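[1] Let me see the structure of the following:
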Amino acid sequence: MALALSGGIAKAAYGFKVAAAGVPMQLYWATSVNPDCSSAGAVTIKVAAPPSHGRVTISRTGVFSIFSATNVRQHCNTRRVAGVKAFYTSHRGYLGADRVAIDVIWPTGRYLRYDVNITVK
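    Numbers count the residues shown, from 1 in each chain. From the prediction side, this is the model:
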């Protein structure tokens, strides 16, 4: 899969994860914060391709950011900021391969398609 828009607004990311059967596993998290650590707007996560053998839940919650030491928002890393998380949970008793794709949209218009192959053990 390839996504391309001028200005570097869209991109695709691929992941491989291992999940314990029936146990929620974090797929992705995101935040958008101002230099004073206040919210710069809500990040949206949507399921683009649902898993065949599980479900995805999305929740708005506090997250710890991971800005680099040179980023003006680096001090926000020490406190919870407004964010959103996506979790995958396999169907009870399922073991094997699964796949899910999520779309992440930031209030600035940045877009990411995250395609994850999951091995359920």
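[2] okay, CA-based contacts and neighbour counts for the rest of this
    Will do.
[3] can you pull out the strands in the chain?
    Counting by DSSP state E, the chain has strands at residues 10-19, 25-31, 44-49, 54-64, 80-90, 96-105, 111-120.
[4] In the protein, which residue sits furthest out from the middle?
    The C-alpha centroid of the chain is most remote from Gly93, which lies 25.2 Å away (C-alpha atoms, centre = their mean).
[5] Save the strands of the chain as TSV, and put in mean neighbour count and distance to Thr70 too.
    Shown next, in TSV, are those (neighbours: other C-alpha atoms under 10 Å; distance: least, C-alpha to C-alpha, whole Å):
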stretch	mean neighbour count	distance to Thr70
strand 10-19	14	24
strand 25-31	20	18
strand 44-49	17	26
strand 54-64	16	17
strand 80-90	20	19
strand 96-105	19	24
strand 111-120	19	24
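[6] would CSV of the ones you listed with distance to Arg73 and mean pLDDT be doable?
    CSV is the format used below for the strands of the chain (distance: least, C-alpha to C-alpha, whole Å; pLDDT from 0 to 100):
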stretch, distance to Arg73, mean pLDDT
strand 10-19, 23, 81
strand 25-31, 12, 95
strand 44-49, 21, 97
strand 54-64, 12, 95
strand 80-90, 11, 96
strand 96-105, 20, 97
strand 111-120, 21, 95
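[7] circling back to that earlier point, count of neighbours near the nearest residue to the residue farthest from the centre of the chain once chain neighbours are set aside?
    Take Gly93 and drop its neighbours on the chain: the residue closest to it by C-alpha to C-alpha, 6 or more residues apart in numbering is Ala21, 6.5 Å away. Using other C-alpha atoms under 10 Å, Ala21 has 19 other residues around it.
[8] Confirm for me that Ala21 is in contact with Ala97.
    No - if you go by C-alpha atoms under 8 Å, Ala21 and Ala97 don't touch, sitting 11.1 Å apart.
[9] From Ile105, how far out is Asp115?
    Per C-alpha to C-alpha, to the nearest Å, Asp115 is found 14 Å from Ile105.
[10] The residue nearest in space to the middle of the chain: what's it in contact with?
    Nearest to the mean C-alpha position of the chain, counting by C-alpha atoms, centre = their mean, stands Tyr28 at 2.4 Å. Neighbour list for Tyr28: 85-87 [criterion: C-alpha atoms under 8 Å, 6 or more residues apart in numbering].
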